[in-house]
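Undergrad: mind folding the following:
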Amino acid sequence: MEPTGAGGCSTPQLSNDEQIKLLNAVKNRELTVDQAWEIANSGKSTVQETSKPDKVLESTPYSFVVHKYNRYRWQKRILMIDFNSRMLCNIEKGTIKKQFKFNSIQSCEHLEGQKFSISFLGHHDYELEATSSEDRVKILQLVNQSIQSNNNEAEQRHQSDNNTAQTKTGVIKEGHIELQKGGLASVKWNRCYVQLRKGELYFQGVNVGEAGEQLGLTPNLIYLSDGNTSVHKEAENGSFTIITKKNCYLLRIPVTDQLKSTEDLILRRDEWIDAIDKCCLHWKRLSQAQFFGANTLFEVMPATPSRKEPAEQLSIKQPDLLQNQMWDKEEGKNTSPAVKSPLQTVPISPRPLRFPKTPLPPVPYQKPTIPIPPPLRGQNSSGIMRKTKPFHWEKVAPEMISRSIWGQSSAQELQLNYPSLLDQFAAQEMVIHSVNDFSTHQVILLNQKVAQNFNIFLKSFPVKVNQLKMKLLILQEENGGLTNEQITSLRRYVPTLSDIEKYKAFKDSPSDLHIVDQYMMEMCNISFLSQKLDLILALRELPETIDDLQPLIKQKVKACSQLQNSKMFASVLDYLLAIGNFLNKNAGKEMAKGFSLSSLPKVVDLRGKDRTFTLLHALVDQIMLLEPDLTNFPRELTEFEEVPGDSIKGLIAEVDGLRNEMGKVILNREILKPKNKNSSDMQFYKELKSIVEKHEVGLSQLSKQCDEMKKLYSAILVRFGEPQDRDSEVMFGWISTFIKDFRKVVAEQNKCRLNTVQK
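TA: Predicted coordinates:
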């Protein structure tokens, strides 16, 4: 059936590949909907394929807004992937919290929804959540490309050492395979055109309807290059599973006119298993060679489970182990970095306990008295429980109480203003729905595990089913809209297209359904639900982030301006250069025309015959003798007295992330534009347009300040002969330390001179 345009006019039929290219181009904002429609009408797809690039542009870092799970809550972070420095950075408010070299990344996998996990060598896994499916797909592609590049380098070294020819890249095997895909309420087999390449298994929806879900396909790619993937036969004819570090995928060979008999299906399945298994073993060998070559202390565990173990047992063990891992995270336990696969258990030999020969005298222990708070208000007539937000502190060990200040604590005697505490820290009121209890006789359309989690959420969600649609038309929380926590939770239960089809096929009364299905059916009836939730959350976070970044960027601009305009600091460096050249000339070394600012901290390390006299003392002596006014150069660099932890690199990544978020907001705004001007959505759209324009002005000003900061810092690097990739946090730290040490020595010298004069 050919697609038809407006008025029933037929349009040229594009191939399935061309349709997918157009869909991905629109998703990635490379084309507008109108441009894609014009290309479709012309019958020629001129779009370059974007879903499976072999290489990515590496000139600029990639910055993504993500949410990182940290103990008890999700924290907003910037994930920066820099191919120039080959680093992956975790950034919070301009401060680089953690940096990972590419060769320390072990795997990156999609979990569920927009969540994904990154595993590192010698560090706990990162559980992150992207703000959109496009970002999630791009992050997985970039991180796995970095992993594959590491393994390719190891392979090239191995081939050069053994004088072997390079292995050819490209498509190893291709054909049609069915992938089992599960939504919130539906499980079905999707027929895909699959290509096995050297480092990945690429899936492409076959039917036109499935092509529309291409970015939502789980997975779009299965990466093999991390060395943790294995393939196993299933008992059912033509079926097999692919097991990665975090996921287990079920696939089968479809029955066709050419493949009808059981023998043919098994033969074709075994061909795919052999091809995939060779690739998995190839990357596993390379990843192990890379880790051993790095002389690490971590044991490389085999990622392939035992072939004797049935696949049914593997699929049963996986969710239990994942639950145990989540429990360990909640308890704050450290998991062993040696475990490379969630399907393995590593036996730990018991360590014998050693007791001292003579027992130590027992420490007197008194059970600490814990102040008892006033009784909480009970359940009122409306069924609302009054609770407060918890404060997650670390408790002092009971045996340490008596010897510490807590043993004499008078906290129990304090008469606090409890009503004000309840008012400020009241938790979300929990409305108790008596109908939320599961009935053994009631059929629930949702997946059982999803239904249980969704039911728990709905118990604390004070919005009735028929109120949900109107609540999503309110942008601000203070005007009666949903809270950020509620929106974040709802985003995890957005129904897929197959779920929507299943609920729309339900013909009975919605009141007969369980409350979880009623909510899900209402969510299915809300157009562009995912875009609305993303939009509201982004609009609330944008002004907060802009307000946080503005003073940090202004401080960096002021610091750069001071450093650029300070003539006294340059003169002090000239004195240090002259002293250094004098020493090196007489030491038989070459003289220098300039030195890196990284040398500044070393001036306190070179000591004279008097061990208390350093090169910095000599510098101060020479300056006070010839140009004593130069000792006041720190007055020109007041911004370097206390250097904050944020860096220019981190702030640029933050602003880039904000720009990407604003781009998605503008795109979603156009998607949500109502066609009917008299509809109730028009007021929502007008308010939305006004808020977006306001935030665009704020972001534009912030971008100008950021560009000014980049320009000034680049000029500073040129002025002092530093490389352009020099991190400002490091360089400003050197200058700040030098200023503190210089002031200290000046004060010492002035004190000595004063004592000499008095004598």
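Undergrad: longest helix in the chain, please.
TA: Under DSSP state H, the helix in the chain containing the largest number of residues is helix 681-719.
Undergrad: starting at the chain centroid, how far to the helix or strand just after that helix?
TA: Note on helix 681-719: by DSSP states H and E, the next helix or strand toward the C-terminus is helix 728-758. Centre-to-centre, helix 728-758 and its host chain are 42 Å apart (CA atoms, centre = their mean, to the nearest Å).
Undergrad: just stretch 663-678 next, same as before
TA: 28 Å.
Undergrad: circling back: got the buried residues for the longest helix of the chain?
TA: 681, 684-685, 688, 691-692, 695, 698-699, 702-703, 705-706, 708-710, 712-713, 716-717 (16 or more other CB atoms under 10 Å). In this view, the C-beta of every residue, glycine as well, is placed from N, C-alpha and C.
Undergrad: wait, doesn't D125 sit right on S117?
TA: Yes: counting by CB atoms under 8 Å, D125 does reach S117; the two are 5.4 Å apart.
Undergrad: go ahead and confirm N455 touches I515.
TA: Yes: contact criterion CB under 8 Å: N455 and I515 qualify, at 7.3 Å.
Undergrad: what helices and strands are in contact with the longest helix of the chain?
TA: Packing partners of helix 681-719 (3 or more CB pairs under 8 Å, 6 or more residues apart in numbering; DSSP states H and E): helix 529-565, helix 648-671.
Undergrad: out of the ones you listed, which is the most enclosed?
TA: helix 648-671 (a mean of 21; mean count of other CB atoms under 10 Å).
Undergrad: next, the angle helix 681-719 makes with it.
TA: 160 degrees (axes from the mean of the first three to the mean of the last three CA atoms, to 10 degrees).
Undergrad: which elements pack onto helix 648-671?
TA: strand 62-70, strand 73-82, strand 87-92, strand 95-101, helix 529-565, helix 681-719, helix 728-758.
Undergrad: could you save those as TSV and add columns showing distance to T496 and mean pLDDT?
TA: Below are the helices and strands packed on helix 648-671 laid out as TSV (distance: least, CB to CB, whole Å; pLDDT from 0 to 100):
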stretch	distance to T496	mean pLDDT
strand 62-70	21	86
strand 73-82	22	86
strand 87-92	30	91
strand 95-101	33	90
helix 529-565	10	91
helix 681-719	23	90
helix 728-758	43	87
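Undergrad: relative to V603, which of the ones you listed is closest?
TA: Nearest to V603, of all those, is helix 728-758, at 7.3 Å by CB to CB.
Undergrad: and K602, how many neighbours?
TA: By other CB atoms under 10 Å, 14 other residues sit near K602.
Undergrad: helix, strand, or coil at it?
TA: Secondary structure, DSSP: H, G, I helix; E, B strand; the rest coil: K602 is helix.
Undergrad: what's near enough to touch it?
TA: L615 (CB atoms under 8 Å, 6 or more residues apart in numbering).
Undergrad: any idea how far it is from D621?
TA: 18 Å (CB to CB, to the nearest Å).
Undergrad: now do H123
TA: For H123, the distance to D621 - CB to CB - is 47 Å.
Undergrad: doesn't A275 belong to a strand?
TA: No: using three-state DSSP, the assignment for A275 is helix, not a strand.
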